[in-house]
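Undergrad: Have a look at this prediction, sequence included:
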Amino acid sequence: MNLYLPDKIESLINEGAIFYISHSGGKDSQAMYNLLKNIIPYNQIVVVHANLGEVEWEGVIDHIKRNIEHELNIVQSKTSFLEMVEKRGKFPSPAFRQCTSDLKRAPIFKFIRNDLKKRKATIAINCTGIRAEESSARSKKEPLFYNTKESCNKRVIRHVYNWLPIFNLTTDEIFETIRSYGQEPFWAYKKNKRLSCVFCIMGCVSDLRHGAENNPHLFKKYVELEKKIGHTMFMKKGKSIPLEEYIGKQIS
Ligand code: SF4
């Protein structure tokens, strides 16, 4: 498989870097983990899941545990997704993904800082399953870069890199990789294109409908929250459109 594997990664492995694999339970994380465990020594891999609680698909954590050989570290923000929306009085948008930064990235980097310190290690590689094929914005990302914001050169020495190992893989290659390891992707992929939050702000209508069919209680919470805060998850032609209307399904 066409992993993005520059020489720099090999030298970082030899320097004892710790590779923090962000695992959402989705197909990309699953394929990435399998590919990385073949090239990185076992004790230099740490698997982390940023848990979003009730807004995730039920069973995702068990799915991750079943398909990895490492311990699973679970981190969670103190504020839940729905609390965050209610506090702000609006849903995040693809351009301002406060959900990703506050509920995923921040708890993961906090975990990395603490874990690195515990291990007395100084180099962390944050591995995420972002792929160029997913969107034009993603295709413009740098697949390996030194994260100056998370690095530290004063009282504490910490070098942090962000690495996108599966940046060049296609969706077909992702599914092939998973199956080549004798595994199956999470069951919701039978209908879903993407996973993570059941009702993702970037989800397509069919994924959202599938989410609503299988999670009626959660669907009701989103619909009621939209009414309570007077803000909807989606817009159409510059106009707010309630979730029920957007996916063509009413709460029961
Ligand atoms: S899956 Fe979607 S809604 Fe959930 S945190 Fe990520 S971008 Fe936000």
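TA: Happy to help now that I have it.

Undergrad: other SSEs contacting the helix or strand of the chain with the lowest mean pLDDT?
TA: Sorted by mean pLDDT, DSSP states H and E, the helices and strands of the chain end with strand 152-153, the least confident at a mean of 88. Applying 3 or more C-beta pairs under 8 Å, 6 or more residues apart in numbering; DSSP states H and E, one finds that strand 152-153 contacts no other helix or strand. Where C-beta positions appear, they are placed from N, C-alpha and C, glycine not excepted.

Undergrad: now do 10 Å
TA: strand 157-163 (3 or more C-beta pairs under 10 Å, 6 or more residues apart in numbering; DSSP states H and E).

Undergrad: Which parts of the stretch 51-200 of the chain are helices?
TA: With DSSP state H, counting those that start in this stretch as the criterion, the stretch 51-200 of the chain has helices at 60-66, 81-88, 98, 106-119, 136-139, 171-180.

Undergrad: Would you tell me which of those helices gets closest to the ligand?
TA: Closest to the ligand of the helices of the stretch 51-200 of the chain is helix 81-88 (C-beta to the nearest ligand atom; 6.6 Å).

Undergrad: From the chain's centroid, how far away is that closest one?
TA: Remark: helix 81-88 is offset 19 Å from the chain centroid, using C-alpha atoms, centre = their mean, to the nearest Å.

Undergrad: Would you mind extracting the C-alpha trace of that helix into CSV?
TA: The C-alpha trace of helix 81-88 is given here as CSV (Å, rounded to 0.1, in the frame of the first residue of the first chain):
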residue,chain,number,x,y,z
PHE,A,81,-20.9,17.9,22.0
LEU,A,82,-24.6,18.7,22.8
GLU,A,83,-23.5,20.9,25.8
MET,A,84,-21.0,22.7,23.7
VAL,A,85,-23.7,23.5,21.1
GLU,A,86,-26.2,24.6,23.7
LYS,A,87,-23.6,26.8,25.4
ARG,A,88,-22.6,28.5,22.1
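
Undergrad: touching the ligand at all, the helix or strand just after it?
TA: Scanning forward in sequence from helix 81-88 by DSSP states H and E, the next helix or strand is helix 98. No - Helix 98 is not in contact with the ligand by C-beta under 6 Å from any ligand atom; minimum separation 8.2 Å.

Undergrad: Packing partners of helix 98?
TA: Against helix 98 (3+ C-beta pairs under 10 Å, 6+ apart) you get helix 81-88.

Undergrad: Give me the residues contacting the helix it packs on.
TA: With contacts defined as C-beta atoms under 10 Å, 6 or more residues apart in numbering, helix 81-88 is touched by 52-56, 77, 79-80, 91-92, 96, 98-99, 102-103, 197, 199, 201, 218, 221-222, 224-226, 228-229, 231, 233.

Undergrad: tell me the mean pLDDT over it?
TA: The pLDDT scores in helix 81-88 average 97.
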